[in-house]
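A.B. asks: A structural model of the following input is requested.
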Amino acid sequence: MGQSLGRAPARAAIQSADINDGIITSAHIAADSIVAADIASDAITLLKIADDAVGVAELSATGTASSSTYLRGDNSWAEAGSPSITDGGNAMAITIDSSERVGIGTATPGNDLHIYTDDTSVSSMLRIAQDGTGDAVLEFEIVGNRSWAVGIDNSDSDKFKISSSAVDIATDPAIIIDTTGHITPGADNTQDLGSSSLRFRNIYTTDLHLANDRGNWTVIEEEDYLTLRNNKTDKVYKLVMEEIE
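C.D. replies: Next comes the predicted model:
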């Protein structure tokens with residue numbers, strides 16, 4: 001009586017206990033032969049695989065394997081000059097291109113660091129945070145020539161400073177802005193606003209205060225005339241003006 005033919009029984013997935021340490025070599029693996037259904041989770045560890053047993057021929061992935069590509073976590077070969085990290089939704093998070101430019105949110109960075117987003121947010125795209133007693137500082141440098149730094153001086157009432165010293169923004173500040181928005185020079189009686197060749201077109205102010213080592217005056221604008229107040233004596237003088245047109 002002939003034997004009946006039927007479907008072969010389903011093969012069980014390979015378990016870690018089924019594999020002796022170091023037993024798997026390249027001779028045991030046919031090209032493109034291993035698929036996910038054949039291997040239980042965490043069954044094959046480094047101890048189970050002999051040195052140099054798994055090569056490119058034993059791996060199945062999209063793209064082309066070469067000396068200039070690497071195998072990504074999404075099972076694809078990518079150019080070694082453009083590694084990337086995706087977020088949980090597989091959107092581009094970080095890319096480093098072949099020119100060593102870093103893109104955050106973009107696969108084609110146009111600068112050494114390129115941050116890109118496309119949304120309706122009005123919050124900052126780059127944050128420098130200091131959680132200790134130091135300062136939060138960003139430095140700009142022409143190597144071997146000059147450095148400038150901008151940041152928050154934690155030891156001076158959290159004032160924002162622009163300084164020609166990248167070592168400490170409290171040293172040689174050029175501009176200081178306090179937390180109420182008041183702007184002061186970095187040092188007393190040392191800096192100019194404009195010059196003889198580069199002038200501000202207009203200065204809009206309320207009362208104008210003038211002070212130096214000799215005098216201390218305030219120009220006060222009334223509705224129809226100007227007055228001068230001597231802040232040392234508190235005397236007020238009305239300017240006599242003649243209408244010319």
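
A.B. asks: didn't residue 97 look like it was pressed against residue 111?
C.D. replies: No: using CB atoms under 8 Å, residue 97 is not in contact with residue 111; the gap is 10.9 Å. Backbone N, C-alpha and C define where each C-beta goes, glycine included.

A.B. asks: Tell me which of these two has more neighbours.
C.D. replies: Per other CB atoms under 10 Å, whichever of residue 97 and residue 111 has more neighbours is residue 97, with 19 against 9.

A.B. asks: Next, give phi and psi for that one.
C.D. replies: phi -90, psi -180 (degrees, to the nearest 10).

A.B. asks: got the contact list for the most centrally placed residue in the chain?
C.D. replies: Closest residue to the average C-alpha location of the chain: residue 126 at 4.7 Å, with CA atoms, centre = their mean. Taking CB atoms under 8 Å, 6 or more residues apart in numbering as the contact definition, residue 126 lies against residue 115.

A.B. asks: From residue 97, how far out is it?
C.D. replies: Plainly put, residue 126 is 19 Å away from residue 97 if you go by CB to CB, to the nearest Å.

A.B. asks: how does the chain divide into domains?
C.D. replies: Using automatic domain parsing, the domain parsing of the chain gives 10-60, 72-115, 136-185, 208-238.

A.B. asks: Confirm for me that residue 157 is in contact with residue 180.
C.D. replies: No: counting by CB under 8 Å, residue 157 does not reach residue 180; the two are 10.0 Å apart.

A.B. asks: the more surrounded of the two?
C.D. replies: Ranked by neighbour count (other CB under 10 Å), residue 157 and residue 180 place residue 157 first, with 9 against 5.

A.B. asks: Let me know the pLDDT of that one.
C.D. replies: In this model, residue 157 is scored at 97, pLDDT.

A.B. asks: so what's it up against?
C.D. replies: Counting by CB under 8 Å, 6+ apart, residue 157 makes contact with 178, 179.

A.B. asks: Helix, strand, or coil at it?
C.D. replies: The three-state assignment at residue 157 reads coil, by DSSP: H, G, I helix; E, B strand; the rest coil.

A.B. asks: Quick check: residue 180 vs residue 160, distance?
C.D. replies: Distance, residue 180 to residue 160, by CB to CB: 12 Å.
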